[in-house]
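S.K.: I'll drop the sequence and a predicted model, then ask my questions.
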Amino acid sequence: MITENWLDDHQILLNINKVKYAFAGQWRPEVYHTQRALFFALTMAFTNKHKNVHDKYSRIWIKSLFLMFGFFLFPACLDKLAQMLRELFEIKELKEKDTDIYKIVNYLKKINKNENILYILNKLINDKYVKQAKNLANSFKHKWSPHYLGIRTKISEYTKIGRDKNGKIIKMIAPIFPSKKGSIKDLYKDIRVLKKANNFFVKCAIEIDKVINFDQFYKIKNCVKSLSI
């Protein structure tokens with residue numbers, strides 16, 4: 001999990017004219033809360049302890065809902081970390097609504113600035129599990145979703161419509177959804193993917209936070225933290 005010190009938003013740094021750090025810092029609690037929600041979703045997807053749910057397949061359905069929620073949250077974690085970096089580097093070419101982690105990487109490559117953060121970001125976006133988590137999130141949002149419960153049926157095929165390479169509408173024979181036995185295996189496989197992606201995100205986010213080093217502007221005396229003015 002992201003550590004609780006991410007709840008410090010550092011807006012107070014405006015008082016010593018560290019404007020970009022103040023604007024970047026206010027995104028830290030957003031990253032914190034989104035990642036903590038992802039952690040909770042992962043936990044609930046993995047556990048079998050769901051109140052008032054007794055049937056095996058009901059549990060799978062509940063678990064799959066939490067997992068789907070987790071996959072929606074993962075890109076949000078990436079995007080909110082990107083917002084923090086957009087403010088830190090004062091990237092005026094990017095608006096808040098258009099910012100994502102890939103645009104931040106491209107910007108840092110273009111201006112050849114802060115190699116340490118660029119190195120961490122490249123590790124993050126090229127990680128195998130991060131890529132898989134992003135692909136699964138896109139499947140839930142835009143494509144055919146994983147159906148962890150499957151469909152009980154005696155037929156081995158079903159017909160759906162599609163388009164050929166010229167755009168003409170055609171009928172296609174497609175396999176049925178996975179059986180219930182196979183889909184349970186897929187559920188836990190995807191839980192593992194999201195867990196690995198989440199853990200790597202947390203590791204990289206903390207590394208980036210250390211490079212930014214908001215604490216450089218503070219001093220501690222008698223266990224009291226104050227601005228170095």
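M.R.: Arrived safely.

S.K.: what's the nearest residue to the residue most central in space within the chain if we skip its chain neighbours?
M.R.: By CA atoms, centre = their mean, the mean C-alpha position of the chain lies nearest to Phe74, the distance being 1.7 Å. Spatial nearest neighbour of Phe74, excluding adjacent residues (CB to CB, 6 or more residues apart in numbering): Ala133 at 5.1 Å. Bear in mind the C-beta positions are built from the backbone N, C-alpha and C, glycine included.

S.K.: For this protein, which residues score under the pLDDT cut-off?
M.R.: By pLDDT under 70, the weakly predicted segments of the chain are 150-160, 172-182.

S.K.: For it, just list every one of the helices.
M.R.: 19-25, 28-46, 56-88, 101-111, 115-126, 128-142, 180-212 (DSSP state H).

S.K.: So for Lys219, which of the ones you listed sits nearest?
M.R.: helix 19-25 (15.8 Å; CB to CB).

S.K.: can you list contacts of that closest one?
M.R.: The contact list for helix 19-25 (CB atoms under 8 Å, 6 or more residues apart in numbering) reads 8-14, 84-85, 87-90, 212, 214, 217.

S.K.: Mind listing what's buried along that helix?
M.R.: Buried residues in helix 19-25, defined by neighbour count with 16 or more other CB atoms under 10 Å: Tyr21, Ala22, Phe23, Ala24, Gly25.

S.K.: quick one: Lys109 and Leu118 touch, right?
M.R.: Yes. Contact criterion CB atoms under 8 Å: Lys109 and Leu118 qualify, at 6.8 Å.

S.K.: Comparing these two, which residue is more hemmed in?
M.R.: Remark: of Lys109 and Leu118, Leu118 carries more neighbours, 17 against 12, as counted by other CB atoms under 10 Å.

S.K.: Could you check how far the more buried one is from Lys134?
M.R.: From Leu118 across to Lys134, the span is 19 Å (CB to CB, to the nearest Å).

S.K.: and if you look at Ser58?
M.R.: When distance is defined by CB to CB, Ser58 is 29 Å away from Lys134.

S.K.: if you count what's nearby, which of these two comes out ahead?
M.R.: Taking neighbours as other CB under 10 Å, Ser58 and Lys134 compare with Lys134 leading, 17 against 13.

S.K.: right, and that one touches Ala76 too?
M.R.: No. Contact criterion CB under 8 Å: Lys134 and Ala76 do not qualify, at 11.6 Å.

S.K.: okay, now Ile12: neighbour count?
M.R.: 15.

S.K.: oh sorry, the question was meant for Glu96
M.R.: Around Glu96 there are 9 residues (other CB under 10 Å).

S.K.: same question, the one 5 residues further on
M.R.: Under the neighbour criterion other CB under 10 Å, Ile101 is assigned a count of 22.

S.K.: ok, it touching Leu81?
M.R.: Yes. With contact defined as CB under 8 Å, Ile101 reaches Leu81; the gap is 6.5 Å.

S.K.: Now do the buried residues in stretch 82-96.
M.R.: Ala82, Gln83, Met84, Leu85, Arg86, Glu87, Leu88, Phe89, Ile91, Leu94.

S.K.: what does it contact?
M.R.: 20-21, 23-28, 30-31, 99-101, 103-104, 107-108, 113-114, 117, 208, 212.

S.K.: Which among those count as buried?
M.R.: 21, 23-28, 30-31, 99, 101, 103-104, 107-108, 114, 117, 208, 212.

S.K.: Cool, thanks, talk later.
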